[in-house]
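Engineer: Output the structure for:
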Amino acid sequence: MKRILTLVLALLLALSTWGAALAVNEDVEGELVIYTSMYPFAIDMMDAAIKAEFPNLTPGVDGSFFFYSGTSKLITKIYGEMGDNRDQPLDCDMFMVAEPAFSLEMKDYGYLHDFEIEGAENLLRFPCDPEGYWYPARVCNMVLAYNPEMVDAWAAKGVSIPKSFKDFACDPALKGYISMGDPLTSGTAYAAVCALLDKYGEDYLDKLGQNRVMRESGSTAIAKLQSGECAAIMILEESILKYIDDEAQNGNEVSNVEVIYPEDGVVLIPSTVMIVAEEYSKNVNTEAAEAVAQWLLTEDAQKLILKGYMHSVLAGMKDYPAHSVDTDSLIAKDIGVDWEKAYHEREQINALWTEKVTQ
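Structural biologist: Residues are numbered from 1 along each chain as shown. Down below sits the predicted model:
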């Protein structure tokens, strides 16, 4: 009898423990589609974590919760779905794109659902929308990079490696030897251009044009650093960190690519999470979207952001991406972006870029 009672108690304990484990987010149901510009390897980690955290939530994109594309391409896609009158439903339920100016725009169009992150003002190290329409969820960092193995070779050609964004554009010795993303297709490149325009004026774009800056993907730019075709590149820190860490995990020490944290500052891009308003949402499930948005700002989710070589938005997070530097030290030297200007003057800034750099 005593043995039977013991077994029954053990079974009841196991059932209660199992039930508690399932109870966390098992009530979150329905289908969900998130448009994002996070790199695919980061999406894979986040996707697996959401599936584990929300076992009854259904991925809406071929087994994934995420539809991936570059920020500018996603914005173009969203415009198409909105229609000419900006009044049509979308094929997604959430956005996680790189450029916060887009959050301001979608709020103005009435396409966003407001929600509360309790204690957000103390939880986050970056601003959020005061009405709850968007919150920062990950931080991208625009920096410079160079090849330490090529410093002497470049010096023999009369080229010094730039230590600042200003030198990157303005040193005539770098003509034909620099590369960056195209702000017409990359949201983070657009953010950097906005910040540097405010800091240095239109002359900055004139100098980039005169120095014949190449507009290329991060992988192409890194390859040109290594081959000696480029002396320096403007690039997201996460692209360099991932390359260095991938090689380190394969037992290889990287000596031909290194980050430069520019002397005149970095450009931090606190990319936001937004929920599509119910009347425009693909799956009409703002409750599930809120649960996922809340989870994205937990320590567990933010640790995945760090593994994606981006910085955390949490004020209390002391960790930072592998091979990077302390996030608070970067915040102290952030050039900053006027997101209202980036939103309202997008056409003019793109036109300036085209006129001064690409023509």
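Engineer: tell me the domain boundaries of this protein?
Structural biologist: 27-139+269-332, 141-268+340-358 (automatic domain parsing).
Engineer: so how far does the first one reach from one end to the other?
Structural biologist: When you say that, I think you mean domain 27-139+269-332. Taking C-alpha to C-alpha, to the nearest Å as the measure, domain 27-139+269-332 stretches 42 Å from start to finish.
Engineer: Give me the mean pLDDT for that domain.
Structural biologist: Mean pLDDT, domain 27-139+269-332: 95.
Engineer: picking up where we left off before, can I get the domains of the chain in CSV including mean neighbour count?
Structural biologist: For glycine as for every other residue, the C-beta is placed from the backbone atoms N, C-alpha and C. Listed next are these as CSV, based on neighbours: other C-beta atoms under 10 Å:
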stretch, mean neighbour count
domain 27-139+269-332, 19
domain 141-268+340-358, 18
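Engineer: Which parts of this protein are strands?
Structural biologist: Here the chain has its strands, by DSSP state E, at 30-32, 34-36, 57-59, 66-68, 94-96, 135-146, 178-180, 214-215, 232-236, 258-260, 267-275.
Engineer: Those strands: which one's closest to Leu112?
Structural biologist: strand 267-275 (5.4 Å; C-beta to C-beta).
Engineer: Which strands border that closest one, and is each parallel or antiparallel?
Structural biologist: Applying DSSP bridges, strand 267-275 is found paired with strand 94-96 (antiparallel), strand 135-146 (antiparallel).
Engineer: For Asn350, find the nearest of the strands of the chain.
Structural biologist: strand 214-215 (12.9 Å).
Engineer: Can you give the strand pairings for the closest one, parallel or anti for each?
Structural biologist: For strand 214-215, pairing defined by DSSP bridges yields strand 178-180 (parallel).
Engineer: Grab the nearest non-local neighbour of Tyr343.
Structural biologist: Using C-beta to C-beta, 6 or more residues apart in numbering and skipping residues adjacent in sequence, the residue nearest Tyr343 is Ala101, 4.0 Å away.
Engineer: ok, back up a step: just send the strands of the chain back as CSV, with distance to Leu304 too.
Structural biologist: Formatted as CSV, these follow (distance: least, C-beta to C-beta, whole Å):
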stretch, distance to Leu304
strand 30-32, 17
strand 34-36, 13
strand 57-59, 17
strand 66-68, 13
strand 94-96, 13
strand 135-146, 9
strand 178-180, 28
strand 214-215, 31
strand 232-236, 17
strand 258-260, 22
strand 267-275, 14
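Engineer: where exactly do the helices run in the stretch 201-350 of the chain?
Structural biologist: Taking DSSP state H, counting those that start in this stretch, the helices of the stretch 201-350 of the chain run over residues 203-210, 218-227, 237-249, 286-296, 299-307, 327-332, 339-344, 346-353.
Engineer: Could you export those helices as a markdown table, including distance to Tyr261?
Structural biologist: Shown next, in a markdown table, are the helices of the stretch 201-350 of the chain (distance: least, C-beta to C-beta, whole Å):
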| stretch | distance to Tyr261 |
| --- | --- |
| helix 203-210 | 19 |
| helix 218-227 | 16 |
| helix 237-249 | 8 |
| helix 286-296 | 27 |
| helix 299-307 | 18 |
| helix 327-332 | 8 |
| helix 339-344 | 22 |
| helix 346-353 | 25 |
